[in-house]
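Engineer: Make a model of this:
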Amino acid sequence: SDVWIVTHADGCGMCAHNHVIVMNHVETTGRALTSYRLPAFVRMAENRLMDAEGLPKIDYGDKKLAWPERAAKLSEGTFMRALGDACHAARTDPRTRDVASYDRVLAEHGVTRRSEARTDKDGVETEGWTYSMLDDLTPRRDPSKKVRNRRSAASRLSPDFTAEGMQAVFDARQAGRQVG
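Structural biologist: Residues are numbered from 1 along each chain as shown. Predicted coordinates:
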């Protein structure tokens, strides 16, 4: 595909930067791209190229951060930030000692948790958690429509909120250790 690159300096700091636009077609066929269109695939291709050129790979692992660090990267007032903050408040609440008490504290924050068994690509069965909450933060195109219930996989928020991450909290609380 053709690429258009513009380098210029603007803004209050007059910092030089690039704007890169990749045309969404194959030059020889004139058809739309059929591969590497999703961000995850673009990242994989980018890291393969970096590796081939002997350059360091780019780490996109911000979802692997503990919640306070991950929250700092999310904009205030967004659904994901509000959901994560509610889960973090329930996680750090001293009343959270097991799954049942965690669910009760989550409910106080307007969050529900669903659990389902999943099998990963290696055939190992794990427990996947999904959180849901009413999204009254995201602007709606039609204000007359009711607020919708949105959800997110725990692993998309932070490993702190996964079944494994929370089990560590439950174990620590039941052993009388402080959890941060």
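
Engineer: From here on, just use CA atoms for contacts and neighbour counts.
Structural biologist: Noted.

Engineer: gap between the most centrally placed residue in the chain and residue 71?
Structural biologist: Central residue of the chain (C-alpha atoms, centre = their mean): residue 156, 3.5 Å from the mean position. Distance of residue 156 to residue 71, given as C-alpha to C-alpha, to the nearest Å: 12 Å.

Engineer: what's the answer for residue 127, then?
Structural biologist: From residue 127 over to residue 71 the distance is 24 Å, taken as C-alpha to C-alpha.

Engineer: Between these two, point out the one with more neighbours.
Structural biologist: Applying other C-alpha atoms under 10 Å to residue 127 and residue 71 shows that residue 71 carries more neighbours, namely 21 against 12.

Engineer: Could you say which helix or strand holds that one?
Structural biologist: helix 67-73 (DSSP states H and E).

Engineer: C-alpha coordinates for that helix, PDB please?
Structural biologist: C-alpha atoms of helix 67-73 as PDB (Å, rounded to 0.1, in the frame of the first residue of the first chain):
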ATOM      1  CA  TRP A  67      -4.500  -1.200  38.300                       C
ATOM      2  CA  PRO A  68      -3.000   2.000  39.700                       C
ATOM      3  CA  GLU A  69      -0.400   2.100  36.900                       C
ATOM      4  CA  ARG A  70      -3.000   1.100  34.200                       C
ATOM      5  CA  ALA A  71      -5.500   3.700  35.500                       C
ATOM      6  CA  ALA A  72      -2.900   6.400  35.100                       C
ATOM      7  CA  LYS A  73      -2.900   5.600  31.400                       C
END
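
Engineer: chain center to the worst-scoring helix or strand of the chain on mean pLDDT: distance?
Structural biologist: When each helix and strand of the chain is scored by mean pLDDT, DSSP states H and E, helix 39-52 comes last, with a mean of 80. Remark: helix 39-52 is offset 19 Å from the chain centroid, using C-alpha atoms, centre = their mean, to the nearest Å.

Engineer: Please apply the same query to stretch 122-137.
Structural biologist: 11 Å.

Engineer: List the buried residues of that stretch.
Structural biologist: Within stretch 122-137, the residues scored as buried using 16 or more other C-alpha atoms under 10 Å are 128, 129, 130, 131, 132, 133, 135.
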